[in-house]
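Participant: coordinates only, sequence not included:
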RNA sequence: AGGUGGUUAGCUCAGUGGUUUAGAGCAUUUGUUUUACAAACAAAAGGUCACUAGUUCAAAUCUAGUACCACCUACCA
């Protein structure tokens, strides 16, 4: 690897070096995992992004967290297998292609299926490449040899195998049911892909007369265009208003067809007129009522919609027109006929397709279903074995979902996807792996003796999620061969990282499938991230396109900068993404770059014994502080508190290392301290590496690698320090810095910056020496010397100050008091009030009786100190 | 309608039953071009911690209720 260092560079040139560094990692096969029984395996699965477009902030957050786990486990000596992949995303991709073709002015009807499929294939190849490059460019340390695509041969085979098994067990079946119909994509979609939005709608009240027009009944509906599909009128069993009408028949306006009045408890008396029309082919509830009364009343099922959302030929002169246009014109007609009563605005939900954002229609249709309830029985057992982060947040939700779960509609009327392996001959069907086997089966099963007969494969493809729910097993080829070495070694996944929005789509289904198929959990842990949202609180997603291109962000902020930016928010909850986050990330990387520049520049002065003592203290402090923080860091990561862990490192590096440590040793560097500094710096790079892999690798190569054959940082050991640290040293150092800050704050710095003395009591000398480093005070403040005195100093010449428990004096002439008097007055008032409160507390008998002793003592101390402080302030006020 | 989470500085968010004035980043204001870093450093200003009640010697923190916001689930002719 050729990495060069130019001292003139103002920042880390990520555009140039990130690629070189990743190539090098790849060349040395650091991320490729082979079975090694002496090493524990860690299996991580990258949730496959859809090939519909490039990656966005949500993905990057997700994958960064996964990559942190991967890199850290690798550095801890585990055999990490981080499996990347992409999803064919059947419906999403197909819609995307259709849109693109439409924009080009190409009509889909005029393209043959073959050609269409070729276009999609080309697209999928292109975007597979793009996505992989993007994953590499953000630093994902994946095992590329194990890369999968959900339309690969092997995966396809697995999907088919699973389908056949479930079909044979009677879990997959074909039936006429009400499904969600997307009129744009012309396919069914699953319940999870439907988004309900509450919107204002008109509720129409319409009169239906009896034959002789003597009586009428008023139904209420939001969809008057469906009257062509009416088969009955329904009221609640207990609704007394309609008692008179029992057993009567009514006539549908416009089409003049007779329909009966029926009863059902599902009808809500209070809503609308309490009387509804039944159109069983286009409403789930109506369908249920229809089924119950079908035989008794001889009801018919009438489908009135074409696949594109226009009315079909059963709708008289309205046929061929869009359902919403018909709604308007039919109301006009009803008004003319005198059947229209009134309309009312109500708030009601419209069902939208998540994929195409069009209003979906409920429609009766012959589809394939999966009896998920049948295989979900033992799920509690498996869910209890899996740990979810954040803990317990989703438990209730999960069980509720399982309770209400309906059969899963798995067939889609699309081209792009796994074709359902069912074959037809006349009205007979078989399920088989391929055409040849299917033909043989027909011959056997149905005793067909003809040599030449044509069979047809089912046109529909499977829902995308049908191929996703088997992933944990299928990526290790565990479906085709459930006793292979890889599968036995790597299964199950250690931790799954994913957005909380696909809990039902994917996460739960994987648990259900693995539990059913091999009686095992698919993963040990699940880490849910929040969802990235834009300023308007919309999900950042491919379909909305509300995000900037990744390459733009990478060019501007670098991969490490992006990673830092996204780690700067608490990712357990949804968050609003703002590009300023990336700026913060970039700035941090810049800081790191400059620290390297500084270390490269250091020149050692030969004779420097002046500040040996100071150096010793600094080293002692930082050494202990590092151990303390690294210990804490490891605890955070073990608890999967990623956000906290990074915040810790961020502050450790920027504040403690750069602002304090490096500033303190400046101009005072000898061989020993340089050696120590490089050691600390290496430790910092190591703990930073999982978070920001590129820049740390670069610096490590520049600063520490002497031979080509030396290891890169990515395979070094992650520091876990078992040494104990000394708390009192850390505290003493902190105390001292606070003391110095206080000295600066009381504002007695002379303009000529002449040094002056600080006076302390003899009796407090020990306390001072125990808790404060004098040497640091000399270094960082204008104090010339700390002098020890026996008696109180003359008020006229000296001013008395207090910091925590420390009392000290300063000569008045050393103070330039430019605090204005008003401010001091406000302070005095504040402390007087504060003092009053404490005195009151200390007079409270209950407090003295019940509060712990140390708290009481603390209050007493406070009282003392505030009194003194007030004294000082008042003195200052006079000044 | 039910569930979950939230309400803390102008913005985005940390935070803990008692530590003299509740923290960070960004934004704002002021100062500093001093040899690692102006994408920096130093500092200032900015908060009745949503509201009400309760528990407690002590509540921003625990409990309950209210209001508002977000998400999820269900109903809707």
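Facilitator: Good, I have the coordinates. Remember, predicted model here, so these are calculated numbers, not experimental data.

Participant: so residue A:640 versus residue A:371, what's the distance?
Facilitator: 35 Å (C-beta to C-beta, to the nearest Å). Backbone N, C-alpha and C define where each C-beta goes, glycine included.

Participant: of these two, who's got more company?
Facilitator: residue A:640 (19 against 16; other C-beta atoms under 10 Å).

Participant: correct me if wrong: residue A:737 contacts residue A:663.
Facilitator: No: look at residue A:737 against residue A:663 with C-beta atoms under 8 Å: they stay out of range, at 11.5 Å.

Participant: in the stretch 401-550 of chain A, where is pLDDT below threshold?
Facilitator: For the stretch 401-550 of chain A, no stretch is flagged by pLDDT under 70.

Participant: ok, what's across the strand from the spatially closest residue to residue A:457 that is not a sequence neighbour?
Facilitator: Spatially, and ignoring its direct neighbours in sequence, residue A:457 is nearest to residue A:423 (5.4 Å; C-beta to C-beta, 6 or more residues apart in numbering). Assessed by DSSP bridges, residue A:423 has beta-bridge partners residue A:430, residue A:457.

Participant: count of neighbours near residue A:423?
Facilitator: Residue A:423, neighbours per other C-beta under 10 Å, totals 21.

Participant: tell me the contacts of it?
Facilitator: Contacts for residue A:423 were tallied using C-beta atoms under 8 Å, 6 or more residues apart in numbering; they are A:429-432, A:435, A:438-439, A:441-442, A:455-458.

Participant: what do you get for residue A:19?
Facilitator: Per C-beta under 8 Å, 6+ apart, neighbours of residue A:19: residue A:137.

Participant: what about it, distance to RNA strand B?
Facilitator: 18 Å (C-beta to the nearest atom of the strand, to the nearest Å).

Participant: show the model's pLDDT score for that residue.
Facilitator: With respect to pLDDT, residue A:19 scores 95.

Participant: I'd like the next helix or strand past the host helix or strand of residue A:614.
Facilitator: Using DSSP states H and E, residue A:614 sits within helix A:612-638. Downstream of helix A:612-638, the next assigned helix or strand under DSSP H and E is helix A:642-651.

Participant: before we move on, the earlier item: so residue A:737 and residue A:663 - more neighbours on which side?
Facilitator: The neighbour count for residue A:737 versus residue A:663, taken as other C-beta under 10 Å, is higher for residue A:737 (16 against 11).

Participant: can you say which helix or strand has the more buried one in it?
Facilitator: Using DSSP H and E, residue A:737 sits within helix A:727-745.

Participant: for that helix, buried residues please.
Facilitator: Going by neighbour count (16 or more other C-beta atoms under 10 Å), the buried part of helix A:727-745 is A:729, A:730, A:732, A:733, A:735, A:736, A:737, A:739, A:740, A:743.

Participant: pick out the residue closest to the middle of chain A.
Facilitator: residue A:529 (3.0 Å; C-alpha atoms, centre = their mean).

Participant: skip the chain neighbours and tell me the closest residue to that residue.
Facilitator: residue A:571 (4.8 Å).

Participant: now do residue A:560
Facilitator: That would be residue A:692: by C-beta to C-beta, 6+ apart, it lies 3.9 Å from residue A:560.

Participant: and that neighbour, how far from residue A:340?
Facilitator: Distance, residue A:692 to residue A:340, by C-beta to C-beta: 68 Å.

Participant: and the two? Which one has more around it.
Facilitator: Taking neighbours as other C-beta under 10 Å, residue A:692 and residue A:340 compare with residue A:692 leading, 27 against 19.

Participant: picking up where we left off before, quick check: phi and psi on the residue nearest to residue A:529?
Facilitator: Here is the backbone geometry of residue A:571 (degrees, to the nearest 10): phi -90, psi 10.

Participant: what of the one 4 residues further on?
Facilitator: Note on residue A:575: its backbone torsions stand at phi -140, psi 160 [degrees, to the nearest 10].

Participant: could you double-check that residue A:251 lies in contact with residue A:261?
Facilitator: No: in this structure residue A:251 lies outside contact range of residue A:261 using C-beta under 8 Å: 11.8 Å.

Participant: and what about residue A:218, helix, strand or coil?
Facilitator: Here residue A:218 is recorded as strand under DSSP: H, G, I helix; E, B strand; the rest coil.

Participant: what sits against the residue lying closest to it once chain neighbours are set aside?
Facilitator: If the residues on either side of it in the chain are set aside, residue A:218 comes closest to residue A:273, at 4.8 Å by C-beta to C-beta, 6+ apart. By C-beta under 8 Å, 6+ apart, residue A:273 lies in contact with A:205, A:218, A:219, A:220.

Participant: look up how far RNA strand B lies from residue A:490.
Facilitator: Distance from residue A:490 to RNA strand B, counting by C-beta to the nearest atom of the strand: 32 Å.

Participant: burial check on that residue, number of neighbours?
Facilitator: Using other C-beta under 10 Å, residue A:490 has 24 other residues around it.

Participant: what do you get for residue A:441?
Facilitator: Neighbours of residue A:441 (other C-beta under 10 Å): 17.

Participant: low-confidence regions, the stretch 551-700 of chain A specifically.
Facilitator: Within the stretch 551-700 of chain A, the stretches with pLDDT under 70 are A:605-610.

Participant: who is residue A:499 paired with across the strands?
Facilitator: residue A:529.

Participant: ok, it touching residue A:531?
Facilitator: Yes: the pair residue A:499 / residue A:531 is scored as a contact, 5.5 Å apart, by C-beta under 8 Å.

Participant: overlap in contacts, those two.
Facilitator: The contact sets of residue A:499 and residue A:531 overlap at residue A:58 (C-beta under 8 Å, 6+ apart).

Participant: may I have the secondary structure class of whichever residue of the stretch 1-150 of chain A sits closest to RNA strand B?
Facilitator: Relative to RNA strand B, the nearest point of the stretch 1-150 of chain A is residue A:11 (4.6 Å; C-beta to the nearest atom of the strand). With three-state DSSP as the basis, residue A:11 sits in coil.

Participant: residue contacts, it?
Facilitator: Per C-beta under 8 Å, 6+ apart, neighbours of residue A:11: A:589, A:590, A:593.

Participant: from residue A:139, how far off is it?
Facilitator: For residue A:11 relative to residue A:139 (C-beta to C-beta), the value is 18 Å.

Participant: and if you look at residue A:59?
Facilitator: Distance from residue A:59 to residue A:139, counting by C-beta to C-beta: 13 Å.

Participant: for residue A:363, same thing?
Facilitator: Per C-beta to C-beta, residue A:363 is found 47 Å from residue A:139.

Participant: ok, those two, which is more surrounded?
Facilitator: residue A:139 (27 against 19).

Participant: so the more buried one touches residue A:693, yeah?
Facilitator: Yes: under the criterion of C-beta under 8 Å, residue A:139 makes contact with residue A:693 at 4.7 Å.

Participant: RNA strand B next: which of the contacts of residue A:273 are close?
Facilitator: Near RNA strand B, judged by C-beta under 7 Å from any atom of the strand, the entries from those are residue A:220.

Participant: any of the contacts of residue A:273 buried? List them.
Facilitator: Buried subset of these (neighbour count, 16+ other C-beta under 10 Å): A:205, A:219, A:220.

Participant: which residue is the nearest non-sequential neighbour of the last one?
Facilitator: Leaving aside its chain neighbours, residue A:220 sits nearest to residue A:272 (3.0 Å; criterion: C-beta to C-beta, 6+ apart).

Participant: pLDDT value on the one you found, please?
Facilitator: With respect to pLDDT, residue A:272 has a value of 83.

Participant: got the contact list for it?
Facilitator: A:203, A:205, A:219, A:220, A:221.

Participant: tell me the helices and strands packed up against the helix holding residue A:737.
Facilitator: Helices and strands touching helix A:727-745, by 3 or more C-beta pairs under 8 Å, 6 or more residues apart in numbering; DSSP states H and E, are helix A:612-638, helix A:765-771, helix A:774-780, strand A:798-803.
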